[in-house]
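>>> Compute the structure for the input listed below.
(one chain, ligands or ions: 2)
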Amino acid sequence: MAWVSEASAHPAGPPHHPAARPAPPDPAALGRLTPLAALRALDASPRGLDEQQAQLRLERYGENTVPEARPPGRPLRFARSLRDPFSVVLLVLGLVSAAVAAWATAAVITVLVLVSSVLRSTGEHRAERAAAGLRELVAATATVRRRPAPGADPRVREIPVDQLVPGDVVLLAPGDVVPADVRLLRATGLTLHQPALTGESAPVARAAVDDPPPGELPQQPQLCLQGGSVATGSGTGVVLATGADTFRARQSRAVPCRPAAGTVFHRALGGITWTLIRLMLCAAVLVLAAHTLLRGPALDTVPLAVAVAVALTPEMLPVVVNVSLARGAVRLARERSVIVRRLPALHDLGAMRVLCTDKTGTLTRDRPVVHRALDPAGRPAPEVLRWAAVNAHWTLQLAELPAPDALDEALLRAAGPGRETGVAAVPFDPVRRRATAVVREPEHPGTHTVVVKGAVEDVLGCCSHLRTAAGEQLELDDAHRARVLARAGREADAGLRLLAVAIARRPGRAPTTAERGLTLLGFVALRDDLAPGAGEALAALARHGVAVKVLTGDHPATAARACRDLGLDPGPPDAVVTGAQTDALDDAELAELARSRTVFARCTPAHKARVVQVLRAAGQPTGFLGDGVNDLPALRAADVGICPRGAAEVTRAGADVVLTGKDLTAIDRALSCGRETTRNITTYLRVVLSSNLGNVLAMLVAGLLLPFLPMLPLQVLVQNLCFDAAQLAFAFDRAGPAPGGGPAAPSRPAGLRPRAFTSFVLRFGALNAAADLATFAALGWLLSQDSAAGLDAHAVFHAGWFTENLLTQALVIWLLRPGSARRLPLPVALAVAGLTAVGLLLPLSPLAGALGLTATLPGAYYPLLGGVLALYAGALCFTRARYRSAISIL
Ligand SMILES: Nc1ncnc2c1ncn2[C@@H]1O[C@H](COP(=O)(O)OP(=O)(O)OP(=O)(O)O)[C@@H](O)[C@H]1O
Ligand SMILES: [Mg+2]
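Ligands and ions are numbered 1, 2, ... in the order given. Purely as a prediction, here's the structure:
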């Protein structure tokens, strides 16, 4: 009995609520049926469902969307953000304070942890929503065969994947993501990548067998399960299960993605986090040791040491990182036609030093036009084009490819299919680099003609003879082979794409697709224009310090010529490396070679991925830009995978960044945005670390000189809260054009590099400590004057330092951020103004008493403070000018 029957599926009335959705039978049981029985059980036909049937099923079974692992809710996110290393350290410090009964310290720390966790979990939630929204913009489609009305002829059309229903007949071609669980009705040379299902990366063969062997679902040859992707060949199948009923949804396994911990971004962030935590613990121990040595063990130094450690923790780092990345991605999507599907990829894009790119379809338009057809000696030979078109026609027809490949399309536009009838075909794949059709010619009854077209070297490898212009059949010797290859090289030198064409007539009843003993007829040369904007994009990448390597499946000379036309120097002809040459090298040798060479030709998908892998392993953050199915392994292997607008669906699904604009120049803008984002994060870190380190140094020195605590723990913490709030401005900062009209974004790869911070932070920290010490001197002098008699010296000292600290922090935010100091963006201006106001007014407010700050700072203090601040600002500007490069590209 059919389990999907429209009559029972949808009695008149409103659509079923999902909860009332009938449970479908096990797709495993359906999948084991023969194609005919499966169709019958699904009340479907090889001609496809009609639109009305499809609509009813859609209402009944719901949309074909994979219920992603539900994103965690806010409470869970909040709990998770408490597990962040910074939060854990802070909580431990809070416990230590509570243990020594420093309740106020413990309370402030708790507030700090709560506020930063709330901000962080909200930020993450927003960032994830932004990313999910961006992902949706790259919606996927499926190719189905449907009938407009019950009696009408079937039509093949593209529909959004979520509209697919059980019983639909889908067509699969290279590059398609399998949109639902499908039982094959027929298949030709079909292989699938399905690492998410089986963990294997090698493609597996699929065929429409009637009697499948027993085994797990992902191993059964007649099934294409949702989430797999077509590597080669084509197939037609009927949908067994959609949405939540698919095998993958049932297994609730996620899509494979690069493990987060392995990306440049996560490594860098992890490195910085642990460096800071170590620094923080060292500072706390130092303060404790110094005070204990000087004044003997005292319980009140514990909260101080705790407060110092807290002050050194950049607890807002995760917030700043998330907000910056999400804002960058949203901005790119809005104004620059780039979609960032994985947020940290924005950082990785800015850090990228090498970009490997595919040629055809990426640097060229992949709209080839037949230029001419030649015999092996280079004379015009229209017959060769005709055979190439016969091959194209029958591989498309027999393989039921829903969309012809660009070369086939060009051949069919240039020549008609002829009077032959097709018998069998093996479609093109990028490893064999050829396509084969077997046809019957009316004038040669009783024989089958094998027609092969493909890359010259590969077709020549299947030939034993060649045909001359006079129609003579010559045996192919080595001299002939060399001459044929040289002729092909000359055509390719002119930038033409080449297909070699060979045939063999074989008597007998059974057709065979064996590609042996063929006769070479000649070549078809095709012209493929460069993609608009490709030259500009490559030039911009070079200007911005990114080395470009071209990895292509095409002929070495065609590739070299395209590079030259794009302004990229491929070096001398022998500098082009072929995929086969790389096979002989170990990883270290290949990495060395890859560093110095620009063009890699005749690459299979695996060759492309290996070049990317060795470059990454050699410490070069590497991106890959490609459009085709043959680019997918390299795209996955790269730190950041990028694809252009017209990319195959599976490539788009696997890419981190999708360029949706009409040309490639968007990549440069995306790169700049990535670097700008990284710069905001580094600016935050630099400001936090240099001023906090300065405070700790000053605290240590003051501890040695003063008979009392230079700052009370509570004051340190309140100050820290003010800093945290102000520093959030960096998440919203945009540097804008540099003074003098230079580029806003760093002109060299900019990633988070833990080591690069050290010298910068030490210098600026020392400067900050010097300003603090000058303030101590001023305060000491003021307190020694007669006019200061009767003032609470401790409170005056504390209030004086408190004010100075907030003002120096405001100065640092103002002067250490890259970009113009004269035109501040609003968030930064607000932060600077806010810190100044709190620094000046808090000691005068009613809160001052509670914090141990006095309201009566001697009037003479302010001019002295003004002098210290002016000197500090001057020193900051001077040091900044000497460190200009470090400021903009760290
Ligand atoms: N449909 C086809 N039929 C026969 N041969 C083909 C077909 N498409 C491509 N080829 C041959 O196979 C070679 C490799 O093709 P492949 O698709 O791997 O790379 P490409 O498209 O040339 O370049 P890129 O990797 O830069 O996109 C081509 O240079 C061409 O000679
Ligand atoms: Mg391509």
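>>> from here on, contacts and neighbour counts on C-alpha atoms
Will do.
>>> just checking, what packs against the helix or strand hosting Y862?
Y862 belongs to helix 861-882 when elements are defined using DSSP states H and E. Secondary-structure packing of helix 861-882 (3 or more CA pairs under 8 Å, 6 or more residues apart in numbering; DSSP states H and E): helix 754-784, helix 793-816.
>>> and those helices, which one is worst for confidence?
Sorting the helices and strands packed on helix 861-882 by mean pLDDT places helix 754-784 lowest, at a mean of 84.
>>> Work out the gap between that helix and the centre of the chain.
Taking CA atoms, centre = their mean, to the nearest Å, one finds the center of helix 754-784 at 41 Å from the center of the full chain.
>>> Going by neighbour count, list what's buried in that helix.
Neighbour-count burial for helix 754-784 flags 754, 757, 760-762, 764-776, 778-779, 782-783 (criterion: 16 or more other CA atoms under 10 Å).
>>> Of all the helices and strands packed on helix 861-882, which one is nearest L689?
Among the helices and strands packed on helix 861-882, the nearest to L689 by CA to CA is helix 754-784 (6.3 Å).
>>> Which other helices and strands does the closest one contact?
helix 264-295, helix 666-705, helix 793-816, helix 861-882.
>>> Would you convert those into CSV that also reports mean neighbour count and distance to L844?
What follows is the helices and strands packed on helix 754-784, written out as CSV (neighbours: other CA atoms under 10 Å; distance: least, CA to CA, whole Å):
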stretch, mean neighbour count, distance to L844
helix 264-295, 17, 30
helix 666-705, 24, 23
helix 793-816, 23, 9
helix 861-882, 16, 13
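>>> Make JSON lines from these and add distance to ligand 1 to it.
Listed next are these as JSON lines, based on distance: least, CA to the nearest ligand atom, whole Å:
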{"stretch": "helix 264-295", "distance to ligand 1": "26"}
{"stretch": "helix 666-705", "distance to ligand 1": "18"}
{"stretch": "helix 793-816", "distance to ligand 1": "45"}
{"stretch": "helix 861-882", "distance to ligand 1": "45"}
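>>> now for those, which one comes closest to ligand 2?
helix 666-705 (17.0 Å; CA to the ion).
>>> Note down every partner strand of whatever helix or strand V170 lives in and its orientation.
Per DSSP H and E: V170 is located in strand 169-172. Here strand 169-172 is paired, per DSSP bridges, with strand 141-147 (antiparallel), strand 229-241 (antiparallel).
>>> Please pull up the helix or strand immediately following it.
strand 181-193.
>>> which residues are in contact with that next one?
Under the criterion CA atoms under 8 Å, 6 or more residues apart in numbering, residues 31, 35, 38, 46, 201-208, 222-226, 228-242, 246-247, 398-399, 425-427 lie in contact with strand 181-193.
>>> Show me how far that strand is from its chain's centre.
29 Å.
>>> just checking, A290 touches L700?
Yes: between A290 and L700 a contact is recorded at 7.2 Å, counting by CA atoms under 8 Å.
>>> Got the phi and psi for T660?
Note on T660: backbone dihedrals following degrees, to the nearest 10 are phi -100, psi 0.
>>> To what extent is it buried, counted in neighbours?
Other residues lying near T660 total 20 when counted by other CA atoms under 10 Å.
>>> per-residue pLDDT, it?
On the pLDDT scale, T660 gets 81.
>>> now swap in A20 and tell me
At A20, pLDDT is 45.
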